[in-house]
Every structure is written in structure tokens, then in C-alpha cells.
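1. The following block contains a protein sequence and its predicted model.
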There are 2 protein chains.
Amino acid sequence: NSSGSGNELSLFNDGGGEGERLAAAKSIYMVSDGTGWTVEHSVTAALGQFEHCLVDRVCPINTHLFSGIDDVDRLMEVIAQAAKEGAMLVYTLADPSIAESARQACLLWGVTSLDVLSPITEAVASHLGVSPSGLPRWAPGRNSSLGEDYFRRIEAIEFTIKQDDGALPRNLHQADIVLTGVSRTGKTPLSIYLAQKGYRVANVPIVKNVDLPKTIFEVDPEKVFALTINPVALRSIRRARAKTLGLGDSVMNCNYSEMDYVKQELEFASKIFQQNPIWPVIEVTAKAIEETAAIVLRLYHDRKNRCSMPRISKRY
Amino acid sequence: NSSGSGNELSLFNDGGGEGERLAAAKSIYMVSDGTGWTVEHSVTAALGQFEHCLVDRVCPINTHLFSGIDDVDRLMEVIAQAAKEGAMLVYTLADPSIAESARQACLLWGVTSLDVLSPITEAVASHLGVSPSGLPRWAPGRNSSLGEDYFRRIEAIEFTIKQDDGALPRNLHQADIVLTGVSRTGKTPLSIYLAQKGYRVANVPIVKNVDLPKTIFEVDPEKVFALTINPVALRSIRRARAKTLGLGDSVMNCNYSEMDYVKQELEFASKIFQQNPIWPVIEVTAKAIEETAAIVLRLYHDRKNRCSMPRISKRY
Ligand SMILES: Nc1ncnc2c1ncn2[C@@H]1O[C@H](COP(=O)(O)O)[C@@H](O)[C@H]1O
Ligand SMILES: Nc1ncnc2c1ncn2[C@@H]1O[C@H](COP(=O)(O)O)[C@@H](O)[C@H]1O
Ligand SMILES: [Mg+2]
Ligand SMILES: [Mg+2]
């Protein structure tokens, strides 16, 4: 548990066993009348600005997510508890009067607080000249029909899972995006990340001295993206992987994670990429999946779009 | 394209073919020095407050995402374009002086603007008593080592994909969460959503008159979650599904999406759930995947936690 940017899903008791270390941790309470994913995402982005201090838990932080908080009584209980723990409160509450109650209770009880939803909702309202509904996600009055786009996204996930790891090379032409690269360049999690955004993704592994399925050369080359990685980083990821799988030394000493082999496999991949110069080669070393996803989608839409200013557009 | 909450990934030219309808659309420019996913997520949440008006495109909105904007020149180009299009600007820019430039340029050019990152970063800074780094995600100075937790999440995705659709019932004991329900209750996308959050998920389909694998009764029943759905909704999802698969009438008239069969299968499932009363039964009708995920995780953590006030906690 020495990594700063990592976090643990495992639960812990605030007063429990780990005593001193936890005593110093500052708490952030995150409250939503909905799922809480928006407030969680915003807090995570903000914590990116404190990585220098999160490393090695120099300034330890615990976040606590309270979702589905849609009545004032439960809200007040959470705020009272925040006051007791010396936590700050970050919230998304669609009903303006409930949001205002949160603000006032925090003021009264000396809890630092921030409303994540109201400012953006108000800005959009004034831009559109339309009043916000004030209805939370689960409000009884809401007509929450799931649109076509929603089912298309689910279909993209199902498609993507089926194509994983080069499973069905004959389906490559049905994909929006085809990823290729050697083992442990993150093809699978990247495919899934993109699929969640509604893209049908196939990935094709590159293995030293093994020919790629010929369909990858038959599809629109503008939809193929090549992944590459620094050999030292790749070796360490492969070693960690071998350990996780419990493969022990026998496999760790074998080709897969050996430096020579890693380098040769990357060179083999790199030759294929040179022969297909239209495929962008994306360097994934030390990049998080969502970062690589942003790069892939930027390129993908620029290619489709070719408008003066690169962008990813959606219509609501 | 009649659904209000849906959106399209397909690109379009702002001055192009669709003339009048698009002419009325208001634009939201979303700018980030990073991936842009944070600002996109916040805008999507805010748009939830305008569903009454997004339905049937009564107030059409186009969003445009500009990611990786990390120098002032490109930022100014985007803002100038926003001014030209009459768009508003929502942004996350880690460098406070660049964020300030954005604010001032928007003021000057009459562009409604909102800074999504600074308020939360400043609130966290004052809570911690630590200054934010001001470094964007891709800053050269940043030490962006991906922690253990990061690799654990990737591993969870890979585990989850392998277990999909009851593929490996002998592995159920390795899962953190086991989902069960009839076909088209969203087990697969829900599993993937939870996997992205770091949970190892397995799902077990229920098919009328087919026994569940006995391992599901051997694992800790507190980690099993049952999904159910309204029969009318299920039938329409199954019909749409049959169409997507291009199965046509022959299959649509067969059991899978026929009302009697749908009801009998749901009753079969419901009997199993009654025999296992410890499994929470979650109603997924008209719920988005992320909504069901929030419910599953709330229950999951409440069961693990059993502290006075339900919450999902993480340590940074
Ligand atoms: N589709 C929606 N309709 C209405 N409100 C929404 C919608 N999506 C999100 N919200 C609101 O936006 C905030 C963030 O949502 P969540 O990410 O679910 O916590 C909450 O206050 C929700 O009630
Ligand atoms: N790990 C991180 N380190 C530094 N800044 C980050 C990190 N993650 C996100 N940010 C910043 O938070 C904002 C939102 O990030 P993104 O969601 O990538 O657009 C951007 O200004 C990023 O530069
Ligand atoms: Mg939220
Ligand atoms: Mg952003």
C-alpha cells in the first residue's frame, strides 16, 4: 500500500486497528441524491492535484461516498457525521432547496462544503434559457426511458467482449476501432473502456513470429490503432502478471517476461507498424487506460471529422 | 433519433445538411488539458436536469469535447471559435494561470464559462492545508506511476470478461460479486461496469427449467445479487435484441421474446430467489447500468461494513 495514486476498495473502521496512521487522515464526504459517480469523478480529478502529497500517504485522505441521499433527514445525519469526523462535504443534489439546506447546515456546523452540480446546472440553464427540472435521477415524476443510444452502448460492450484477444478475426470489419499490440499493452481494458463509450472494438494480439490475421489488412486502415510500450516497463508488467497468475520462477525465467524476448517481440511489432504507416502508433508507457482512450478517440474523430478544429461532438 | 436522453457519436458538420434543426442547437464546448472525461461527466450530469426539454430535441444541444488543450494559444483558438458559434465553455485546466486566461478571454468575448476544476481543487486544498500542484495530467514534471490498485483494476476486468455468461462456474468463489438473472437483465454490462471499478464479477444466467451451477449455492451468499425486471419491459428489450441480431420474425415469434415464456422464465427465476432469501433482488426496469451498479455496491459495502452509517470508503 505504498502507492500514492492507488486506493483501496477494502473497508476499514475509522477507529480501528491501524490507529495512528489513520488518525491523521482527512476525510472527504461525497453525497449524491443519485449514484454518486459524478461527485466521485470530480473528487478524483481534484485529488490528481495533490499527488505530490498523496504519495506514500504524506497527506492521507479517505473518501466516503453516500449515494441515494434524497431526503433532508438523511442528509442532515450525514452532515452531522461529517462535522463529527472533521470531514469536508462535496455534493450533487438536484433539488435546489435540498442543496441549499446542505449549504446552510455545513455553514452552521463548520463543515467545508462544495456544491458540484448547481454551478454547472445554472450555467447551462442560462445558456439555454431553460429552467432545470430540479428532479434527481430517481425522482418518481421522471420519465427515464432509456434511449436507442443506451442500448447501442450495451451492444458495443457485448460485441467487444466477444472479439477480445483476437477471438473472431473474421468480425474485424464490424468493429469501429481495431487495436493491435503485444501482450500487456492494455488492449483488453482499453477495448472495454472504449466499448463503454459506445464504440465497437476488436483487438488483435501481436505475438513474435506469428502472422496477424489477414483481415486486419483488409479493414479500413484508418480504424486500426497500434499500441507500443517501453521494453523495461513491459517486462516489469509481465513479471508482475506472471506473479499474479502464480506462475512463479519457471515462467518468469521463460521467454514471456525475459528482456531479450520482450525486446524482440516489440521489434517484431514495430516492423508490422512500419509496414502499415497509416496506423497511428500510440505509446502507452505509464499512461492510464483512460488517457490512452482519450488519445485513440481524438485521432479517431479527427480522421472522421477533418473539420478545422479537432473535437469530439455529440448531439443531445 | 427521437429519444431525448440518447446521443449520437456520429460526427456532423455544423453548417451541413440538416439545416434548420441544427441551426437551433446550442453548443457546449468542453475543454480539458487532460482527457476531458471529468468535464464530460459533469456536463452529462447537468444535462440530466434538462431532460424535459431534451426530449424530442425541443432544446437541442451539441457538446464538443476538446481534450489535451495545454497551451494558451490553442485554448484561445477554441474560445474564439466558441464565441463565433455562440457556445458556452466548461473547462478543467490544472494550471491556475491558464484557467484564469480562459476566464478572462471568455469574459472579454462574451462567452458564458464555467471552471469545473478550480472550485473543488481549492476546497480540497483548504481542507488539507496543502497547495495543489497546478500540474495537468500530462505534465512532464509529474511522476505518474500507476499504483497497485491500478493493476488490480485491470486484473478485475480480465477476470470478469472470462467469467461472462456463466462461462466458468468453478471460479465463482474467486469473484467479489456474483450476479444472476434471466437473459437481458443487463448482467454483462453491469459486470463490466463493476469490474472497471475494481470488483471481480461473475455472472450466472438463469434459463427456464435449467438448474443453476451448484457452485452458486456454495459461495458466500452475501456476495450474490439477483436481478429482476418487469415482464413487459423485458419482452420489448428481447424483441429489440432479436431485431438487432437480424433474427427476424421466426425467432421473435419463438419462445425467447414471447410474453408467456418471458413471464414463466421470470417466475422460474423468482422461485430460485425465494429459495435464497439472502440474495437481494434488484429491480432493474428502466434503470441505467450505472444506477444498478450504485445499488449493488451500496448493498455490497453495507454488508461488509455494518457501520452505523452506510457508505463506500476508499483510502488515498
Ligand atoms: N438523467 C438524470 N436525470 C436527472 N438528474 C440526473 C440525471 N443524471 C444525473 N442526475 C443528477 O445529477 C447528479 C449527479 O448524478 P450521479 O452521478 O448519479 O450522482 C445527481 O444530483 C443526480 O440526481
Ligand atoms: N492524476 C492526475 N494528475 C494531475 N492532474 C490530473 C490528474 N487527473 C486529472 N487531472 C487534472 O484534472 C482535470 C480533469 O482531468 P481529465 O478528466 O483527464 O480531463 C484536468 O485538468 C487534469 O489535468
Ligand atoms: Mg454524484
Ligand atoms: Mg476534464
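-> Here it is on my side, so go on. Ligands and ions are numbered 1, 2, ... in the order given.
2. can we go C-alpha only for contacts and neighbour counts from here?
-> Will do.
3. Check the burial of A:Lys271 by counting its neighbours.
-> 11 (other Cα atoms under 10 Å in any protein chain shown).
4. Correction: the previous question concerned A:Leu245.
-> Residues lying near A:Leu245 (other Cα under 10 Å) number 9.
5. so A:Leu89 bridges to which residues?
-> A:Tyr29, A:Ser113 (DSSP bridges).
6. list the contacts for it?
-> A:Leu89 makes contact with A:Ile28, A:Tyr29, A:Met30, A:Val31, A:Ile79, A:Ala82, A:Cys106, A:Val111, A:Thr112, A:Ser113, A:Leu114, according to Cα atoms under 8 Å, 6 or more residues apart in numbering or on different chains.
7. Quick one: residues contacting A:Pro96.
-> A:Ser118, A:Gly134.
8. oh sorry, the question was meant for A:Leu172
-> Applying Cα under 8 Å, 6+ apart to A:Leu172 gives the contacts A:Val178, A:Ala202, A:Thr215, A:Ile216, A:Val219.
9. could you check the distance from the third one over to B:Glu51?
-> If I follow you right, that is A:Thr215. Per Cα to Cα, to the nearest Å, A:Thr215 is found 43 Å from B:Glu51.
10. So for the two, which sits in the more crowded spot?
-> Per other Cα under 10 Å, whichever of A:Thr215 and B:Glu51 has more neighbours is B:Glu51, with 22 against 12.
11. quick one: whatever residue of chain A ends up closest to ligand 3 from ligand 1, how far?
-> For chain A and ligand 3, the shortest gap (Cα to the ion) falls at A:Gly36, measuring 3.3 Å. Distance, A:Gly36 to ligand 1, by Cα to the nearest ligand atom, to the nearest Å: 3 Å.
12. Now that residue. Nearest residue, chain neighbours left out?
-> Among residues not flanking A:Gly36 along the chain, A:Ser67 sits closest, at 5.1 Å (Cα to Cα, 6 or more residues apart in numbering or on different chains).
13. so the one you found touches A:Tyr29, yeah?
-> No: with contact defined as Cα atoms under 8 Å, A:Ser67 does not count as touching A:Tyr29 (10.5 Å).
14. Which residue of the two possesses the greater neighbour count?
-> A:Tyr29 (27 against 24).
15. quick one: contacts for that one?
-> A:Thr63, A:His64, A:Leu65, A:Phe66, A:Ala82, A:Ala87, A:Met88, A:Leu89, A:Val90.
16. Return the entry from the residues you listed with the maximum number of neighbours.
-> Result: A:Leu89 is most packed of the contacts of A:Tyr29 (other Cα under 10 Å), 27 neighbours.
17. That residue and ligand 4, how far apart?
-> 21 Å (Cα to the ion, to the nearest Å).
18. Then A:Thr121?
-> Taking Cα to the ion as the measure, A:Thr121 falls 16 Å from ligand 4.
19. Then A:Ser126?
-> Where ligand 4 is concerned, A:Ser126 sits at a distance of 21 Å (Cα to the ion).
20. host element of that residue?
-> For A:Ser126, the element it lies in under DSSP states H and E is helix A:118-128.
21. Beyond that helix, next helix or strand please.
-> Taking DSSP H and E, what comes next after helix A:118-128 is helix A:148-163.
22. what's the angle between the helix or strand following that next one and helix A:148-163?
-> Following helix A:148-163 in sequence order, the next helix or strand is strand A:177-182 (DSSP H and E). Relative orientation of strand A:177-182 and helix A:148-163, computed by axes from the mean of the first three to the mean of the last three Cα atoms, to 10 degrees: 30 degrees.
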